[in-house]
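The following block contains a protein sequence and its predicted model.
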Amino acid sequence: MPSANQSPPPLRPLRVLYVLGHGGFGGIERHVESLLRNLDCRAVEPHLCVVMEPGPISDRIADSGVPVHVIHAHNGHEARIIPAFRAILSAVRPDLIHAHELQAFVLAACWLHRDIPLVVSIHCALFHGSPNLWWSWLAGRTIERRVDYYLPVSQATWQAAQHYCGLAPERGTVFHNVIDLLELPVKRKDDVCQELGIAASTPLLGMAGRMVAQKDWPAFFATCAEISRLRPDAIFLAIGDGPLRATLAQDPQARALGDRLRWLGFREDARRLIGALDIFLCTSLHEELPTTLLEAFAMRTPVVGFLPRGGTREVLALSREPIAILSEDRDCQQAARHAVELLQNPPQVAALTSQAHTLVAQHFAAGTQVNRLCAIYQDVLARKSLRS
């Protein structure tokens, strides 16, 4: 998986232990896989620790030759994580730990190895709603005393961390989720339509994501119902699975759509399906930096829907031209009208998708961002050495 880039190599590769909660097919896991696939093998020797259960992403990482260590914890709060993680540290002897999900007992184990620099990526919002300020302050202070550097995925995420946890601005920098453009599937709608048993000319709209409250699937179904009223020939794809799957199946709007709504469940080829869509519908309530949205941009699939709270606004601001139709008003009828109008306007689709793909290539391509990450690692090591 790690490939050779052009940056000058150090005397020996920097041994980095990456930490994930689980190895499933989430945005965090796809981000880490893209990083590891593009790392300069002369500069970084990657190892991966999966705290809970492995999955398709960690399996693919292992198949690529990266050593993967699995603790098999049932959750992030099992005390046995401490000795298990310490054993991994003794076996790997990393120069640096890069945690993408920091469970309490992983942090406890890191406290016992304070000589190893700890970098933490912040992928999740600290609060949505009314925070417990005392607990956030205490947790933030506890983590801050051990973490050497933070890599929040968006400026919004970083501002929240500074505000609620009292983190100093110089303690981190924004590092966006990345997309491996070289590993994207070929964009082909006809193959997917054949699989679904529908004509290739059928309007195909959908969303991909975990079936959790954050994604607001009921709003997706309501938008689909409005689109179906205007375009009875449209087919809608619900790509993903999660704890709310059974509840969502009883949603009145979803039931009313009948066989025009296809429940595809968890799919390892989700990016292929996203590429086949005529429109990707976005109804998320909040996204720190939406990997799936970036994948839709990279696959040249137009995006219509609602602007989530978090870092999505920062992504849109990187382009001088429109790259998506996302409204702050969560009006399903309006979103449906935008989608139907876009289906009838190929030139607008071409303009949006061209600008969106260019933006991903310029700002989120894994092949270019890994060099910046390696420079961050070296800077963290240098600072740690000076403090020692």
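Perfect, I can see it now.

So which other helices or strands are in contact with the biggest helix by length in the chain?
Among all segments of the chain classified by DSSP state H, the helix with the greatest residue count is helix 366-387. Contact partners of helix 366-387 among helices and strands, from 3 or more C-beta pairs under 8 Å, 6 or more residues apart in numbering; DSSP states H and E: strand 14-20, helix 27-38, strand 96-99, strand 118-122, strand 149-152. C-beta here means a position set from N, CA and C on the backbone, and glycine is covered the same way.

closest one to residue 287 among these?
When the helices and strands packed on helix 366-387 are compared for distance to residue 287 using C-beta to C-beta, the nearest one is helix 27-38, at 8.8 Å.

tilt between that closest one and helix 366-387?
90 degrees (axes from the mean of the first three to the mean of the last three C-alpha atoms, to 10 degrees).

Touching helix 27-38 from outside, list them.
With C-beta atoms under 8 Å, 6 or more residues apart in numbering as the test, helix 27-38 has contacts from 1-3, 5, 18, 20-23, 46, 48, 55, 57-58, 60-61, 64, 66, 100-101, 123, 177-180, 183, 290-292, 366-367, 369-370, 373.

export the helices and strands packed on helix 366-387 to CSV and tack on mean pLDDT, mean neighbour count and distance to residue 224?
What follows is the helices and strands packed on helix 366-387, written out as CSV (pLDDT from 0 to 100; neighbours: other C-beta atoms under 10 Å; distance: least, C-beta to C-beta, whole Å):
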stretch, mean pLDDT, mean neighbour count, distance to residue 224
strand 14-20, 97, 23, 33
helix 27-38, 94, 24, 23
strand 96-99, 96, 24, 38
strand 118-122, 94, 24, 33
strand 149-152, 95, 23, 33
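
how about those, which one is nearest residue 277?
Shortest distance between residue 277 and the helices and strands packed on helix 366-387, using C-beta to C-beta, is found for helix 27-38: 17.7 Å.

Downstream of the closest one, the next helix or strand is which one?
Going down the chain from helix 27-38, the next helix or strand is strand 44-50, by DSSP states H and E.

Now do that next one: distance to the chain's middle.
Here strand 44-50 shows a centroid-to-chain-centroid distance of 19 Å under the convention C-alpha atoms, centre = their mean, to the nearest Å.

Could you give the average pLDDT over it?
Here strand 44-50 scores 97 as its mean pLDDT.

orientation of it relative to helix 27-38 in degrees?
Computed with the same axes, to 10 degrees, the direction of strand 44-50 lies at 150 degrees from that of helix 27-38.

in its sheet, what does strand 44-50 sit against?
Strand pairing for strand 44-50, determined by DSSP bridges: strand 14-20 (parallel), strand 68-70 (parallel).
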